[in-house]
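K.L.:
I need the structure of the sequence given here:
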Amino acid sequence: MNRANVNCANEVVISGGLAERDALRHTPAGIALVNFRVVHESTQIEAGAERRVHADIACVAAEDAARLVAAAPLGSDVRLRGFLAGKGARRRIGRRTPGSGRRGSSCCT
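P.N.:
Numbering: from 1, shown residues only. So this is what the prediction gives:
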């Protein structure tokens, strides 16, 4: 497969309430990070029917976004834009995944 032709979109936009937040911290390289949790509740249309949606999302913000989240009061309404990544995904890149028969890696470079 020619990777240049693969559509690798990975962007998420969601709103919710700031439910939990750790203290602002810094990596050894000096990058500001904060782990936090957002709770989203809404009604969506799926297959023509209304569906009540509840999502409890673990998030990480870096640099300016981390400082904004660290300063926001718990319960604040937030609108997030970012991407999805598996927990510990960097450690798995290049390792064989069970049953896949090929090396795991990101689709875009």
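K.L.:
any idea how far the most centrally placed residue in the chain is from Val12?
P.N.:
Most central in the chain under C-alpha atoms, centre = their mean is Leu84, positioned 4.1 Å from the mean C-alpha point. As judged by C-beta to C-beta, to the nearest Å, Leu84 and Val12 stand 6 Å apart. Every residue, glycine included, has its C-beta placed from N, CA and C.
K.L.:
same check, this time on Ala23
P.N.:
25 Å.
K.L.:
same question, Ala61
P.N.:
For Ala61 relative to Val12 (C-beta to C-beta), the value is 13 Å.
K.L.:
And the longest helix anywhere in the chain, how far out from the chain middle?
P.N.:
If you go by DSSP state H, the chain has its longest helix at helix 63-71. Put simply, helix 63-71 sits 15 Å off its chain's centre (C-alpha atoms, centre = their mean, to the nearest Å).
K.L.:
Please apply the same query to stretch 11-31.
P.N.:
Using C-alpha atoms, centre = their mean, the offset of stretch 11-31 from its chain centre is 10 Å.
K.L.:
Stretch 65-74 now?
P.N.:
Distance of stretch 65-74 from its chain centroid, counting by C-alpha atoms, centre = their mean, is 16 Å.
K.L.:
Send me it as PDB with only the CA atoms.
P.N.:
Output of stretch 65-74 as PDB, limited to C-alpha atoms (Å, rounded to 0.1, in the frame of the first residue of the first chain):
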ATOM      1  CA  ALA A  65      -3.300  24.900  26.600                       C
ATOM      2  CA  ALA A  66      -2.000  23.300  29.800                       C
ATOM      3  CA  ARG A  67      -1.700  26.600  31.500                       C
ATOM      4  CA  LEU A  68      -5.300  27.500  30.500                       C
ATOM      5  CA  VAL A  69      -6.600  24.200  31.800                       C
ATOM      6  CA  ALA A  70      -4.600  24.500  35.000                       C
ATOM      7  CA  ALA A  71      -6.100  27.900  35.700                       C
ATOM      8  CA  ALA A  72      -9.700  27.000  34.900                       C
ATOM      9  CA  PRO A  73     -12.100  26.300  37.800                       C
ATOM     10  CA  LEU A  74     -13.400  22.700  38.000                       C
END
